[in-house]
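Colleague: sequence unknown, structure follows:
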């Protein structure tokens, strides 16, 4: 069966191709009734846009490529929700790809979508990309004038728009909070030290100790590069050979593993031990006890990232900007 084109739809309604295109892209220039009739007909006839033709004609596909490191992470799901909601409101579509923290997959995705499929990219850098420090695919995008917005895991050396969480201050605030609740020995566990966010959280923890005149004790600090959740219990176990009354964890999985080990040893939470973790996800709400967390406001980050990109595309902005989203502590049952 012959694929229906914009020209065919225009002929059916006896209007111009431009009118059909505007109606399909929610242009306010077209009346609501006409727009709905054209969309309904296009849907009935299974019309799909020819991305390459659109790109050649308009130099725009009204489509954005999203690349996230993994799909199972609640934080990334929240960012995606914010991106999708705002993109739809502004008349853009999204194509979402998962890098699985692989440099090669990230390179292949950018190469595939850069051929007139998308107008720009929003991405959080893969773990392997950060480890190997290979950023040539990002540089290539910028040379081709394909705009990038990085969020959460960003590369300082790449001159592009960025939306970040203030991970450093989040850890400082976590130490301040625990100290104010009477905690004197605060442990720290990070299982993401290959990532810029892991390093910033650790540096914030050290600064928080210093600000509060708390002793730095290396025996209650664990920094690893192992993000696999099944290993987290084994990672935190050695901590419990020491005495401490609070723990800050780089993610919920590490925090829940620590709570399990503590409970097995008869340590009561939060009476004997306060536990606080990064990322306010689903696990935190359903753990026992429910976990006090640092909320990174993923949905807001998604909204800001897509707004930056669309502003750049539509207003031909050449300068770059960096926006910081502050965190909050969400109090639940695992802390005093």
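Modeller: Sure, I can see it. Being a predicted model, the structure only gives us computed values, none of them experimental. Numbering: from 1, shown residues only.

Colleague: At which residues are the helices of this protein located?
Modeller: All helices of the chain, identified by DSSP state H, fall at 6-13, 17-24, 32-44, 51-58, 74-89, 103-113, 127-132, 136-143, 167-180, 196-211, 232-236, 252-264, 282-286, 298-315.

Colleague: among those, which is nearest residue 119?
Modeller: For the helices of the chain, proximity to residue 119 was assessed by CB to CB; helix 298-315 is nearest, at 5.3 Å. C-betas here are computed from N, CA, C, even on glycine.

Colleague: Skipping its backbone neighbours, what lies nearest residue 323 in space?
Modeller: The shortest distance from residue 323 to any residue other than its chain neighbours is 4.9 Å, reached at residue 163 (CB to CB, 6 or more residues apart in numbering).

Colleague: That neighbour: neighbouring residues, count only.
Modeller: Residue 163 sits with 27 neighbouring residues when counted by other CB atoms under 10 Å.

Colleague: remind me which residues of this structure are low pLDDT?
Modeller: The chain contains residues with pLDDT under 70 at 1-2, 50-59, 226-228.

Colleague: Serialize the helices of the chain to JSON lines and add fields for mean neighbour count.
Modeller: What follows is the helices of the chain, written out as JSON lines (neighbours: other CB atoms under 10 Å):
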{"stretch": "helix 6-13", "mean neighbour count": "16"}
{"stretch": "helix 17-24", "mean neighbour count": "20"}
{"stretch": "helix 32-44", "mean neighbour count": "14"}
{"stretch": "helix 51-58", "mean neighbour count": "14"}
{"stretch": "helix 74-89", "mean neighbour count": "20"}
{"stretch": "helix 103-113", "mean neighbour count": "18"}
{"stretch": "helix 127-132", "mean neighbour count": "18"}
{"stretch": "helix 136-143", "mean neighbour count": "15"}
{"stretch": "helix 167-180", "mean neighbour count": "21"}
{"stretch": "helix 196-211", "mean neighbour count": "19"}
{"stretch": "helix 232-236", "mean neighbour count": "19"}
{"stretch": "helix 252-264", "mean neighbour count": "21"}
{"stretch": "helix 282-286", "mean neighbour count": "15"}
{"stretch": "helix 298-315", "mean neighbour count": "21"}
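
Colleague: Quick one: closest of those helices to residue 120.
Modeller: Closest to residue 120 of the helices of the chain is helix 298-315 (CB to CB; 5.0 Å).

Colleague: relative orientation of that closest one and helix 74-89 in degrees?
Modeller: Interaxial angle of helix 298-315 relative to helix 74-89 (axes from the mean of the first three to the mean of the last three CA atoms, to 10 degrees): 40 degrees.
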